[in-house]
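>>> Give me a model of this one.
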Amino acid sequence: MDRGTLSRRELLKAGMMSVPALSLAGPSLGAGGSGGRPNLVFVFADQWRAEATGYAGNRDVRTPHLDALAAQSVNFTTAVSGCSVCSPYRASLITGQYWLTHGIFYNDKPLGNKATSFAQAYVQAGYKTGYIGKWHLNGHPKGSTMAQGRSAFIPPERRQGFQFWRVCECTHNYNHSLYYGDTPEKRYWEGYDAIAQTHEAQRYIREHARTGPFALFLSWGPPHSPLGTAPEKYKALYAEPDKLQVRPNVPASQRNAARQQLAGYYAHMAAQDDCIGEIVQTLRESGIEDNTIFVFTSDHGDMLLSHGHTKKQKPWDESIRVPFLLRYPAKLGRQGREIEMPINTPDIMPTLLGLSGVTVPATCEGKDFSGVVTGDEAPDNEAALITLPVPFHQWSYTRGGREYRGVRTTRYTFARDLKGPWLLYDNVKDPYQLDNLCNKPEHAELQRRLDGILKKKLRATNDTFLTGPEYMKMWDYDWDGSDGRT
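Numbers count the residues shown, from 1 in each chain. Predicted coordinates for the structure are as follows:
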């Protein structure tokens, strides 16, 4: 059996997955340990693809803390980043809306304040809210550069309801990492930023553990490139890249390059995995582990030379599928289980609000799957919409980028570009998406069915599938002209 298809239970049985980092003991006691509305700790990485964990069957990456967390969590095995690039994901996470509603389908554009945000919904329910790390939703004024916008101070009225604030718009200088608090004074995280940000999150948790419910978001920059910048002890784990396995869909001529990239990618992940262990330990020590919803996920994946492509925005699984673990012992117990039903980025906000007993705002478009999480409702989402209204930067038109719309079901991927049907994969029979079944007569009925699901999704989201320049004009956006940056 291919290691990428092994379930968590099969991994445990085969001895390929260990759970040393988290206690599997019963519920912890203490203030906040039971009763009342749950806290939320939402941790998300930048560019961490779904297959790159031990619990998902990857033998090379070292993620013992995440593997232990998975053993106690609901694992959405078909979690999809429906517009798989940084700012579009974050805008949908914060608003629960689709991309052509909130208008963030291109990096470094400013998210408006028309929707009731994730944080605002929690504040209205009496929660304290906090955000630490990368934001990437403030954009930059016309006449300024993208670089200026990424290092600018973000005033309180642009923070979408988050109260505690230790944030930079966007930086990938992980060892000299800028951030701001409540004033325009520039500050820098000490050392490797993901570790320093984790320590700040731990401090926040300790301070708020006994003062009522809180919702804390921790947004890491790694494992996004640059890939050679993790702390030395984690890079040392991957000092022999030639021993790493590459996916079969990486062209033979690029496999050595892919191994070099994977070494840096996995080193970042190993560092962040230790951070996961520290956060969970802090929740336990603070007595609120049971009554805290803990989520780990990512904004999108990374191609890492699969199909000869790099980075994101593409419709292949390496780009669109992300890890999504949700643990809530007081409500769900500690026995991990898998949900195969697709869940998309706009669904995260309503689902977590639903689990928290908080009213889902009327401006939210995603679905509340909290009943599916608790087992009170049957999974009923047949597909997640995948979309790229405007290709840009690292997948600009000049680099082969194209507009597309598609769906990812539990089993299939189907996508159209502006010319018509483009991709069709059976991801069970063909997990590396090497055999494009699109427009083959023997798969015509399947293609018609998936195309019908896609058309239904487009109607529901008011998407008429225009060209990229039409959407840029509609939203009065400038093209950045920086194809080599993201």
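>>> In the stretch 101-250 of the chain, where is pLDDT below threshold?
Across the stretch 101-250 of the chain, nothing is flagged by pLDDT under 70.
>>> can you give me the helices in it?
Using DSSP state H, counting those that start in this stretch, the helices found in the stretch 101-250 of the chain span residues 118-124, 146-150, 193-208, 232-235.
>>> quick one: buried residues of the longest one?
Read it as helix 193-208. For helix 193-208, burial by neighbour count (16 or more other C-beta atoms under 10 Å) applies to 193-202, 204-205, 208. All C-beta spots, glycine's among them, are computed from the backbone N, C-alpha and C.
>>> for the first one, same thing?
Under the neighbour-count criterion of 16+ other C-beta under 10 Å, helix 118-124 has Phe118, Ala119, Gln120, Ala121, Tyr122, Val123 buried.
>>> same check, this time on stretch 142-158
By neighbour count on 16+ other C-beta under 10 Å, the buried set for stretch 142-158 is Met146, Gly149, Arg150, Ser151, Ala152, Phe153, Ile154, Arg158.
>>> can I get the helices of the stretch 101-250 of the chain in TSV with distance to Gly277?
Output for the helices of the stretch 101-250 of the chain, formatted as TSV (distance: least, C-beta to C-beta, whole Å):
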stretch	distance to Gly277
helix 118-124	26
helix 146-150	30
helix 193-208	10
helix 232-235	14
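>>> Indicate which one of those helices is closest to Phe414.
Closest approach to Phe414 among the helices of the stretch 101-250 of the chain (C-beta to C-beta): helix 118-124, 30.1 Å.
>>> Find the nearest non-adjacent residue to Leu262, please.
Nearest non-adjacent residue to Leu262, counting by C-beta to C-beta, 6 or more residues apart in numbering: Leu244, 5.0 Å away.
>>> residues contacting that neighbour?
Going by C-beta atoms under 8 Å, 6 or more residues apart in numbering, Leu244 touches Asp60, Tyr238, Arg259, Leu262, Ala263, Tyr266.
>>> Just name the closest of those residues to Leu178, please.
Among these, Tyr266 lies closest to Leu178 (C-beta to C-beta), at 25.9 Å.
>>> tell me the angle of the strand ranked longest in the chain relative to helix 193-208?
Ordering each strand of the chain by length in residues (DSSP state E) puts strand 214-223 first. Taking axes from the mean of the first three to the mean of the last three C-alpha atoms, to 10 degrees, one finds strand 214-223 and helix 193-208 inclined to each other by 170 degrees.
>>> Check which helices and strands strand 214-223 is in contact with.
Here strand 214-223 touches strand 39-46, helix 118-124, strand 128-134, helix 193-208, helix 255-285, going by 3 or more C-beta pairs under 8 Å, 6 or more residues apart in numbering; DSSP states H and E.
>>> and if we set it to 7 Å?
Packing partners of strand 214-223 (3 or more C-beta pairs under 7 Å, 6 or more residues apart in numbering; DSSP states H and E): strand 39-46, strand 128-134, helix 193-208, helix 255-285.
>>> Which of the buried residues of stretch 142-158 sits closest to His102?
Within the buried residues of stretch 142-158, proximity to His102 (C-beta to C-beta) peaks at Arg158, which comes in at 14.4 Å.
>>> Look up how far Tyr180 lies from the closest one.
Distance of Arg158 to Tyr180, given as C-beta to C-beta, to the nearest Å: 12 Å.
>>> Likewise for Arg210?
With C-beta to C-beta as the criterion, Arg210 and Tyr180 are 28 Å apart.
>>> And these two? Which one has more around it.
Tyr180 (20 against 12; other C-beta atoms under 10 Å).
>>> State whether Gly468 and Pro389 are indeed in contact, as I suppose.
Yes - using C-beta atoms under 7 Å, Gly468 is in contact with Pro389, at 6.4 Å.
>>> Tell me which of the two has more neighbours.
Pro389 (25 against 21).
>>> correct me, but Pro346 touches Gln97?
Yes - between Pro346 and Gln97 a contact is recorded at 6.0 Å, counting by C-beta under 7 Å.
>>> any common contacting residues for those two?
Glu365 (C-beta atoms under 7 Å, 6 or more residues apart in numbering).
>>> who's in contact with Pro251?
By C-beta under 7 Å, 6+ apart, the contact set of Pro251 is Gly308.
>>> before we move on, the earlier item: make CSV out of the contacts of Leu244 and add distance to Gln272 and neighbour count.
Shown next, in CSV, are the contacts of Leu244 (distance: C-beta to C-beta, whole Å; neighbours: other C-beta atoms under 10 Å):
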residue, distance to Gln272, neighbour count
Asp60, 16, 18
Tyr238, 14, 23
Arg259, 20, 21
Leu262, 15, 26
Ala263, 15, 22
Tyr266, 10, 26
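>>> Leu446 and Val80, how far apart?
According to C-beta to C-beta, Leu446 stands 19 Å off from Val80.
>>> pretty sure Asn75 is in a helix, no?
No - counting by DSSP: H, G, I helix; E, B strand; the rest coil, one finds Asn75 to be strand, located in no helix.
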